[in-house]
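Visitor: Model the following, please.
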Amino acid sequence: MDVNVLLAALLGYAFGSIPFGLILTKLAGAGDVRSIGSGNIGATNVLRTGNKGLAAATLLLDLAKGFVPVWLAWQYFPNDLGWTALFAVIGHCFPVWLKFKGGKGVATNAGVAFGMGLPLGLVYAGVWIAMLAIFRISSLAGMTAVVASALAAIHFGPTIGPQVMGLIAVLIIALHHENIGRLLKGEEPKIGNKK
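Guide: Predicted structure coming up:
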């Protein structure tokens, strides 16, 4: 394997695998976020602690851990930044520090989209926010944004964009299989409701 490919992938994974949701809730004395709600380390589950500030901080930091490594890859590994993008999301979903049990990658992938280019990030954010405002279902908003960004990458992303965003979309949707089942049954919880 090319050394730059390995370094680009490690860069993405190193940032992506930082479990900010878990770190913040423990520092704030809110306990282990994995023991409540869905058991997820992402912002939606952090919100179930009742602390909106912690959830917002988790969201922003999860965005950052997708954006920062991709931005760095543009500077140092521009030909291999697709690996950085992919492994930033993989790191969030499968962090070695948590026995490979992490989040579902939606916020981190939003950061990746912004790292690949402002127009692509705006498509991601616009679809995510619009769907969340209309339906108030986090998983539906996230999956829709993931698919929209994969399609938008054809026009707004770098050359590698459609392939990378497409692979990430497949991963994230696969990780939402339980949510999809609940959506089909009309049982998926809405933001603000108890799970």
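
Visitor: quick one: what helix or strand has Leu10 in it?
Guide: helix 3-16 (DSSP states H and E).

Visitor: on contacts alone, who are the packing partners of that helix?
Guide: helix 52-76, helix 81-93 (3 or more C-beta pairs under 8 Å, 6 or more residues apart in numbering; DSSP states H and E). (C-beta placed from N, C-alpha, C; glycine too.)

Visitor: switch to 10 Å and redo it
Guide: If contacts are counted by 3 or more C-beta pairs under 10 Å, 6 or more residues apart in numbering; DSSP states H and E, helix 3-16 sits against helix 52-76, helix 81-93, helix 106-116.

Visitor: Keeping just the C-alphas, turn the helix or strand following that helix into CSV.
Guide: Downstream of helix 3-16, the first helix or strand assigned by DSSP H and E is helix 20-27. Output in CSV follows, covering the C-alpha atoms of helix 20-27 (Å, rounded to 0.1, in the frame of the first residue of the first chain):
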residue,chain,number,x,y,z
PHE,A,20,-16.6,13.4,22.0
GLY,A,21,-20.1,12.5,23.1
LEU,A,22,-18.8,10.1,25.7
ILE,A,23,-16.0,12.5,26.9
LEU,A,24,-18.3,15.5,27.2
THR,A,25,-21.1,13.7,29.1
LYS,A,26,-18.6,12.2,31.6
LEU,A,27,-16.8,15.5,32.1
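
Visitor: per-residue confidence averaged over helix 20-27?
Guide: Regarding helix 20-27, the rounded mean pLDDT is 95.

Visitor: what is the orientation angle of that helix with helix 52-76?
Guide: Interaxial angle of helix 20-27 relative to helix 52-76 (axes from the mean of the first three to the mean of the last three C-alpha atoms, to 10 degrees): 140 degrees.

Visitor: and helix 20-27, which residues are buried?
Guide: 20-22, 24-25 (16 or more other C-beta atoms under 10 Å).

Visitor: Flag every buried residue along stretch 53-69.
Guide: Buried-residue list, stretch 53-69, by 16+ other C-beta under 10 Å: 54-55, 57-59, 61-69.

Visitor: same thing with stretch 123-135?
Guide: 123-125, 127-128, 131-132, 135.

Visitor: Same list, the residues you listed, but as JSON lines with pLDDT and distance to Thr84 please.
Guide: Shown next, in JSON lines, are the buried residues of stretch 123-135 (pLDDT from 0 to 100; distance: C-beta to C-beta, whole Å):
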{"residue": "Val123", "pLDDT": "96", "distance to Thr84": "20"}
{"residue": "Tyr124", "pLDDT": "97", "distance to Thr84": "17"}
{"residue": "Ala125", "pLDDT": "97", "distance to Thr84": "20"}
{"residue": "Val127", "pLDDT": "98", "distance to Thr84": "23"}
{"residue": "Trp128", "pLDDT": "97", "distance to Thr84": "22"}
{"residue": "Met131", "pLDDT": "97", "distance to Thr84": "27"}
{"residue": "Leu132", "pLDDT": "95", "distance to Thr84": "27"}
{"residue": "Phe135", "pLDDT": "96", "distance to Thr84": "32"}
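
Visitor: Fine by me, we can end here.
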